[in-house]
Each structure stands twice: as C-alpha cells, then as structure tokens.
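**Q** Need coordinates for the following:
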Amino acid sequence: MGCDTPGLSAFLMGLFTGTFSSITIKVAYQMTSVGLDGVTKPFEKPLSTTFLMFVAMAMALPAMAVYARIYPPAPSDEPKPVSWKLCLVVLIPSLFDLVGTAFAKVGLLYVTVSVYQL
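**A** As a prediction, the model looks like this:
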C-alpha cells in the first residue's frame with residue numbers, strides 16, 4: 001500500500017505541528033516571572049495549557065461553518081438529527097481524551113520533550 005500526496009502531507013503536518021506544540025509548551029513551563037509577593041516563580045500550570053489547547057481546537061468550529069457556507073452539502077446529504085444518546089457516546093471518549101491530555105501536560109513538567117513524544 002503506497003502513500004499518496006495528501007496522506008503524506010497530512011502526516012508531515014501532524015509531525016511538525018505536534019513537535020512544535022510540545023516544544024512551545026516545554027519552553028512555557030521553563031519561563032519564570034516575579035509574583036506580587038516579589039518571589040520568582042516558574043510557570044507550571046498544565047491545566048492552563050490544556051485549556052488553551054481546547055480553545056485552539058474549538059476554533060475549528062467557525063472554520064467548519066465557513067467551509068459549509070462556501071461548499072454547501074448536496075440536497076441528498078441532508079444531516080440526520082442528533083440524539084442525546086449520540087451526544088453521550090461522543091462526550092464520554094472526549095472527556096477521557098481531555099483528562100489524558102491534562103495528565104500528559106503534567107508529565108511534560110517532569111520529562112524532556114523527546115521522552116514525552118515517545
């Protein structure tokens with residue numbers, strides 16, 4: 001099975017953006033600032049970086065809306081109504097992903113980026 005150009009492009013983009021994201025977060029964790037009490041403190045807030053990642057991914061929703069306006073679906077591709085059961089089926093793995101990401105960000109506080117990406 002070969003790799004086509006779009007597949008290779010998506011792989012390389014994911015490799016680049018994932019590495020860049022991890023290095024950026026590690027650099028942020030190594031920054032220090034002086035608090036209100038005059039004590040120098042490191043920026044060690046993994047939940048804030050998890051929240052920023054959530055906000056960044058939520059930016060895909062407006063992009064999807066713009067895409068749907070530019071390229072409307074064919075009349076035969078009418079969307080089905082979304083049920084509460086489907087929402088729960090999607091919500092549960094999403095919450096596990098969010099918690100796993102938060103744990104990964106905590107782990108990045110204590111290991112190097114190269115070990116983190118293994």
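**Q** Where does the prediction get shaky in this structure?
**A** Along the chain, the parts satisfying pLDDT under 70 run over 1-2.
**Q** quick one, strands of it?
**A** Along the chain, the segments classed as strands by DSSP state E run 32-34, 40-42.
**Q** For residue 94, see how far away residue 43 is.
**A** Counting by Cβ to Cβ, to the nearest Å, the gap from residue 43 to residue 94 is 27 Å. Every residue, glycine included, has its C-beta placed from N, CA and C.
**Q** Same question for residue 24.
**A** 24 Å.
**Q** how about the closest residue to residue 19 other than its chain neighbours, what does it touch?
**A** In space, and not counting its chain neighbours, residue 19 is closest to residue 117: 7.0 Å by Cβ to Cβ, 6 or more residues apart in numbering. Listed by Cβ atoms under 8 Å, 6 or more residues apart in numbering, the contact set of residue 117 reads 18-19, 22.
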